[in-house]
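J.: coordinates for the following, if possible.
(one chain, ligands or ions: 2)
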Amino acid sequence: MLRLTFVVLMFCLAIGIVAGSTPRKLLVAHRGASAYAPEHTLAAYRLALDQGADFVEQDLGVTRDGVLICLHDPTLERTTDVEQVFPDRFRQVDGARRWFAADFTLEEIKRLDAGAWFAQKYAGERVPTLQEAIDLVRGKAGLFPELKTPDVYRDRGMDMELLVVAAIRKNGLDRKGADPGTPLILQSFDAQALQAMARELPTLDRTFLLDPRGTSQWTTDAGLKEISAFATGLGPAKLLIDADPTLVPRAHAAGLTVIPYTFRSSSTGRFPSVRDEMTHFLSVVGVDGLFTDNPDEFPR
Ligand code: G3P
Ligand code: CA
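T.: Ligands and ions are numbered 1, 2, ... in the order given. As a prediction, this is how the structure comes out:
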């Protein structure tokens with residue numbers, strides 16, 4: 001009897017050790033807590049921290065005077081009042097008026113309201129610089145900056161990759177584990193940009209993003225192996241996993257973490273709620289974390 005009790009105890013201990021060693025699933029606040037506050041504002045980042053995000057995401061753009069800012073689109077008109085403040089400063093692109101961030105200095109961009117489009121109570125929010133985002137998030141959560149449309153800036157002779165490397169070095173975050181309170185993962189849809197990060201910042205984690213369109217070359221076993229030469233993780237659109245759930249174990253077998261995007265209460269597909277959808281991906285599909293607009297719905 002004593003022997004049986006000992007065996008049962010050891011079994012429970014082993015299970016506990018295994019469970020305890022399971023890496024924590026990562027909650028990445030997509031553009032901040034962007035379901036509740038205007039994306040890429042300090043208000044959205046603060047709310048993400050309040051809601052327990054492990055990482056706060058920053059999409060990056062570059063101003064005319066070479067400053068990294070947090071902005072999803074290459075242009076300003078969707079998320080600011082640039083059309084009112086600078087009515088003549090647009091370019092015509094395919095018949096549409098576009099106000100490119102790269103045509104404005106930081107001082108000009110700081111004159112724009114980045115909150116009122118979302119809700120009047122956020123009027124007065126500004127487009128943050130990457131440095132302002134780092135200063136806010138540092139020590140409270142991780143940073144997850146995306147080199148967004150680096151090709152748009154390359155075409156103008158602006159080197160986003162160089163600016164990102166300089167900013168990370170300046171903040172002493174250029175080695176994995178340099179600040180245990182502020183882990184940092186780089187991400188991009190652009191393989192060339194991540195390859196540059198692999199050369200310059202080889203110890204940092206790098207997530208290669210996959211769009212649902214035109215990515216079949218990357219989702220084969222050979223493609224995943226190629227990705228593992230310059231990235232440590234895969235960030236697929238969740239549709240890609242729905243279409244082929246073997247993508248997750250195959251990416252794991254290639255040594256890549258898997259953090260899909262984007263989980264939001266406004267679009268949950270076949271699931272009754274975003275919490276149910278996130279639970280399914282984390283517990284059944286086995287992803288390592290996910291990007292969500294609703295950090296408060298993340299199942300812990
Ligand atoms: O970076 C992950 C996810 O945010 C990619 O989509 O367009 O929201 O940047 P997007
Ligand atoms: Ca992003």
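J.: what does this protein put close to ligand 1?
T.: Residues of the chain lying close to ligand 1 (C-beta under 6 Å from any ligand atom) are His30, Asp59, His72, Glu146, Gln187, Leu209, Gly235, Tyr261, Thr262, Phe291. Quick note: C-beta positions are derived from backbone N, CA and C, even for glycine.
J.: go with 5 Å
T.: Proximity of the chain to ligand 1 (C-beta under 5 Å from any ligand atom) is limited to residues Glu146, Tyr261, Phe291.
J.: right, and the last one touches Tyr261 too?
T.: Yes - assessed by C-beta atoms under 8 Å, Phe291 is found in contact with Tyr261 at 3.8 Å.
J.: of the residues of the chain next to ligand 1, which is the nearest to ligand 1?
T.: Closest to ligand 1 out of the residues of the chain next to ligand 1 is Tyr261 (3.8 Å), distances taken as C-beta to the nearest ligand atom.
J.: now do the contacts for the closest residue to Leu130 other than its chain neighbours.
T.: What sits nearest to Leu130 in space, not counting adjacent residues and going by C-beta to C-beta, 6 or more residues apart in numbering, is Leu68, at 4.0 Å. When contacts are counted by C-beta atoms under 8 Å, 6 or more residues apart in numbering, Leu68 touches Leu60, Gly61, Val62, Thr129, Leu130, Gln131, Met160, Leu163, Val164, Ala167.
J.: can you map out the helices along this protein?
T.: Taking DSSP state H as the criterion, the chain contains helices spanning 2-21, 42-50, 82-85, 106-109, 130-137, 150-154, 160-170, 191-200, 216-219, 221-227, 238-243, 247-253, 274-279.
J.: name the stretch among those that sits most buried.
T.: Comparing the helices of the chain by mean neighbour count (mean count of other C-beta atoms under 10 Å), helix 42-50 ranks first with a mean of 22.
J.: who in the stretch 151-300 of the chain is up against ligand 2?
T.: Selection of the stretch 151-300 of the chain residues close to ligand 2 by C-beta under 5 Å from the ion yields an empty set.
J.: confidence score at the most centrally placed residue in the chain?
T.: The chain has Glu57 as the residue nearest its centroid, 4.1 Å off, counting by C-alpha atoms, centre = their mean. On pLDDT, Glu57 comes in at 99.
J.: quick one, longest strand in this structure?
T.: Using DSSP state E, we find that the single longest strand of the chain is strand 55-62.
J.: now do the buried residues in it.
T.: Neighbour counts over strand 55-62 (16 or more other C-beta atoms under 10 Å) mark Phe55, Val56, Glu57, Gln58, Asp59, Leu60, Gly61, Val62 as buried.
J.: circling back to that earlier point, Ala123 is nearest to which of the helices of the chain?
T.: helix 42-50 (10.8 Å; C-beta to C-beta).
J.: what's the average pLDDT for the closest one?
T.: Taken as a whole, helix 42-50 has a mean pLDDT of 99.
J.: tabulate the CA atom coordinates of it in PDB.
T.: What follows is helix 42-50, C-alpha atoms only, in PDB (Å, rounded to 0.1, in the frame of the first residue of the first chain):
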ATOM      1  CA  LEU A  42      -0.400  55.400 -25.800                       C
ATOM      2  CA  ALA A  43      -4.000  55.000 -24.500                       C
ATOM      3  CA  ALA A  44      -4.300  51.700 -26.300                       C
ATOM      4  CA  TYR A  45      -0.900  50.600 -25.000                       C
ATOM      5  CA  ARG A  46      -1.700  51.600 -21.400                       C
ATOM      6  CA  LEU A  47      -5.000  49.600 -21.600                       C
ATOM      7  CA  ALA A  48      -3.200  46.600 -23.000                       C
ATOM      8  CA  LEU A  49      -0.800  46.700 -20.000                       C
ATOM      9  CA  ASP A  50      -3.800  47.000 -17.600                       C
END
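J.: can you give me the offset of that helix from its chain's centre?
T.: Distance of helix 42-50 from its chain centroid, counting by C-alpha atoms, centre = their mean, to the nearest Å, is 14 Å.
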